[in-house]
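Engineer: Take a look and give me a structure for this.
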Amino acid sequence: MNEREAFIALNQVSGLGAITVKRMIEAFGSATAIFRVTERDLQRVAGIGAERARAFRRELDQVCAAGEMARAEEMGAQLLTWADATYPSLLKTIADPPLVLYVAGAIEPLAGPAIAIIGTRHPTVYGREMAQRLAFQLAGAGYVIVSGLALGIDAQAHRGAVQAKGRTIGVLGGALDCLYPKENAGLAKEMTVQGGAVLCEYPFGREPDRQTFPMRNRIVSGLVKGVVVVEAPHSSGTMITVDQALEQGRFVMAVPGKADSPASVGCHQLIRNGARLVSSGDEVMEELQELLPRTACKTAACAAAPERAPEPPASAEERKLLAHVGNEPVHIDALIRESGLPAGMVNAVVVGLQIKHRVKLLPGGLVKRV
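Structural biologist: From the prediction side, this is the model:
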């Protein structure tokens with residue numbers, strides 16, 4: 001077994017994620033070495049107790065890469081692991097990158113300049129039109145459009161890219177052979193035929209469920225430098241993706257809607273917190289113009305490379321928090337104590353500063369300057 005095969009096998013072990021695998025590799029030296037250690041060795045890895053060590057050891061004796069590799073070849077899919085040079089470099093920088101990407105279609109778009117367009121599964125006519133128009137403009141300019149291949153805004157974004165003869169990537173919440181929703185199977189085929197891809201992190205046979213969809217969202221944001229939100233209720237899977245995008249240091253942009261539209265409440269909240277308001281592909285490209293070489297830009301907005309507008313001045317609350325945030329991470333509880341501000345206000349201000357790329361929220365409730 002080589003390192004590549006080890007990752008494919010590890011990806012089939014129940015409850016074993018990227019963070020734990022990283023700790024195992026640090027402890028044992030390589031992915032292949034994990035298969036040779038004892039149950040007692042596993043217990044010494046941080047976060048693995050006796051029960052998990054016993055379960056992991058039992059599954060490590062049973063899993064292998066051969067079946068997944070044969071199934072992938074049969075489907076014409078490719079498997080990308082941490083050991084492969086073609087694994088997306090941007091995705092690999094997130095805290096918990098997938099051990100394996102199952103890719104149907106081309107892998108080249110995974111290395112291209114990419115933008116995510118996401119939103120509600122129940123959009124208005126306005127939302128559907130905006131998502132499709134933005135994707136059409138951005139894909140026509142050379143950007144890869146990434147979304148979740150769900151009904152609603154996601155599907156419209158993929159369709160806009162296909163109509164522009166551009167490339168688009170759909171990230172599934174289940175296995176490649178369990179594509180969901182079935183209504184988008186034809187769209188998925190169009191995407192791959194046109195040089196795009198459909199991908200996931202799950203072994204063959206894994207049906208999507210309430211757990212897999214939120215996990216999928218971190219890949220959508222992890223593959224891109226910027227995320228555009230087109231219609232999102234206040235509490236939705238879209239806002240989970242936004243939270244993950246902010247944790248990953250991605251730019252967040254939002255499309256405004258009607259003032260009284262429930263579908264745009266999330267977008268308006270993001271804009272109030274400092275997300276960039278965008279209403280066209282040109283405005284998105286002005287935010288992310290560094291992703292494409294000048295020679296590849298096809299629009300006047302990109303060619304002219306206008307200077308970004310200066311950041312608005314910080315509020316009194318933002319200045320008070322920033323005074324206590326430096327290059328070394330500080331816990332948010334310490335910020336609450338030192339600033340004297342209410343906990344709810346501190347949390348809200350930190351989110352706003354994160355959207356403005358003034359601070360970064362790290363795992364464990366830690367905050368540091370950007």
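
Engineer: count of neighbours near residue 152?
Structural biologist: When neighbours are counted by other Cβ atoms under 10 Å, residue 152 registers 22. Every C-beta, even on glycine, is put in place using the N, C-alpha and C of the backbone.

Engineer: do the same with the one 3 residues further on
Structural biologist: By the other Cβ under 10 Å criterion, the neighbourhood of residue 155 contains 24 residues.

Engineer: the strands in the chain, which residues?
Structural biologist: 77-81, 100-105, 114-118, 144-147, 168-171, 197-200, 226-230, 251-255, 276-277, 330-331, 359-362, 366-369 (DSSP state E).

Engineer: which residues does the spatially closest residue to residue 278 that is not a sequence neighbour form a beta bridge with?
Structural biologist: Leaving aside its chain neighbours, residue 278 sits nearest to residue 253 (4.6 Å; criterion: Cβ to Cβ, 6 or more residues apart in numbering). Taking DSSP bridges as the rule, residue 253 bridges to residue 228, residue 276.

Engineer: my read: residue 253 touches residue 227, true?
Structural biologist: Yes - using Cβ atoms under 8 Å, residue 253 is in contact with residue 227, at 7.0 Å.

Engineer: since we're on residue 343, how many residues are nearby?
Structural biologist: By other Cβ under 10 Å, the burial measure for residue 343, its neighbour count, is 11.

Engineer: need the contact list for it.
Structural biologist: residue 336 (Cβ atoms under 8 Å, 6 or more residues apart in numbering).

Engineer: what's the average pLDDT for stretch 325-345?
Structural biologist: The average pLDDT within stretch 325-345 is 85.

Engineer: Going by neighbour count, which residues of it are buried?
Structural biologist: Neighbour-count burial for stretch 325-345 flags 325, 329-330, 332, 335-336, 339, 341 (criterion: 16 or more other Cβ atoms under 10 Å).

Engineer: Mind telling me the two of those farthest from one another?
Structural biologist: The most widely separated members of those, counting by Cβ to Cβ, are 329 and 341 (18.9 Å).

Engineer: And the residue nearest to residue 278, how far from residue 138?
Structural biologist: Separation of residue 253 from residue 138 (Cβ to Cβ, to the nearest Å): 11 Å.

Engineer: Find residues that contact each of those two.
Structural biologist: residue 284.

Engineer: If you count surrounding residues, which of these two has more?
Structural biologist: Ranked by neighbour count (other Cβ under 10 Å), residue 253 and residue 138 place residue 138 first, with 31 against 27.
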